[in-house]
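**Student:** coordinates only, sequence not included:
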């Protein structure tokens, strides 16, 4: 199976391994803003916790890749993709943990990165749709997706957060393969069957 691996002018994306675990990654959730946007507790993550996290991914139906800054080699974020039980849809979750890269304007090639990822998921893997579940108070990401052609808000749900007793609103956005290909003007691209490799896929649940 082709790995999700590519480069842009200032970033590269590749599968993550335990060798990429660092003290810096473990401190990402100490940032109150990052923790709030992830609906998580504000705390330091231990190496053992991060190793257990990496072990959850097999890069087939649960994919974990890192975002790295090319000039420095710094690990600045992660992207996860979890395939639905039927094997035709994928739930995406992105975390940019380093403050200087965290804003949408900080990742100067964010559109190039997303285009590469979407092309991999829709054309190489043949998935039917990409979904993103976002906490409603992540207003920058919500506004960003609303202005991106093809993304649609399909569901609002309420969920208890991990850090407090208050209910949190989750927004589920979806981009279909047809909308992506129409936007890119590549409706004639040969598509793989969305059923390929569907055995053993699991239900998903993640927050952006």
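**Tutor:** Everything's here; your move. A quick note: this is a predicted structure, and the numbers were derived from the prediction, not measured. Numbering: from 1, shown residues only.
**Student:** which stretches of the chain form strands?
**Tutor:** Counting by DSSP state E, the chain has strands at residues 6-7, 11-15, 62-69, 75-83, 89-96, 129-135, 152-159, 168-176.
**Student:** need these in TSV (columns: mean pLDDT and mean neighbour count).
**Tutor:** Glycine gets a C-beta too; all of them are placed from N, C-alpha and C. Below are the strands of the chain laid out as TSV (pLDDT from 0 to 100; neighbours: other C-beta atoms under 10 Å):
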stretch	mean pLDDT	mean neighbour count
strand 6-7	92	16
strand 11-15	93	17
strand 62-69	94	20
strand 75-83	94	22
strand 89-96	92	21
strand 129-135	93	21
strand 152-159	92	11
strand 168-176	94	18
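**Student:** now those as JSON lines including distance to residue 117?
**Tutor:** Output for those, formatted as JSON lines (distance: least, C-beta to C-beta, whole Å):
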{"stretch": "strand 6-7", "distance to residue 117": "8"}
{"stretch": "strand 11-15", "distance to residue 117": "7"}
{"stretch": "strand 62-69", "distance to residue 117": "8"}
{"stretch": "strand 75-83", "distance to residue 117": "7"}
{"stretch": "strand 89-96", "distance to residue 117": "8"}
{"stretch": "strand 129-135", "distance to residue 117": "9"}
{"stretch": "strand 152-159", "distance to residue 117": "18"}
{"stretch": "strand 168-176", "distance to residue 117": "11"}
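**Student:** buried residues in the helix or strand bottoming out on mean pLDDT in the chain?
**Tutor:** In the chain, the helix or strand scored least confidently by mean pLDDT, DSSP states H and E is helix 99-102, which has a mean of 78. Judged by neighbour count using 16 or more other C-beta atoms under 10 Å, the buried positions of helix 99-102 are 101-102.
**Student:** of the strands of the chain, give the one that comes closest to residue 145.
**Tutor:** strand 168-176 (5.0 Å; C-beta to C-beta).
**Student:** okay, the angle between the closest one and strand 152-159?
**Tutor:** Counting by axes from the mean of the first three to the mean of the last three C-alpha atoms, to 10 degrees, strand 168-176 lies at 150 degrees to strand 152-159.
**Student:** give me the contact list for strand 168-176.
**Tutor:** 39, 118, 128-137, 142, 145, 148, 150-161, 207 (C-beta atoms under 8 Å, 6 or more residues apart in numbering).
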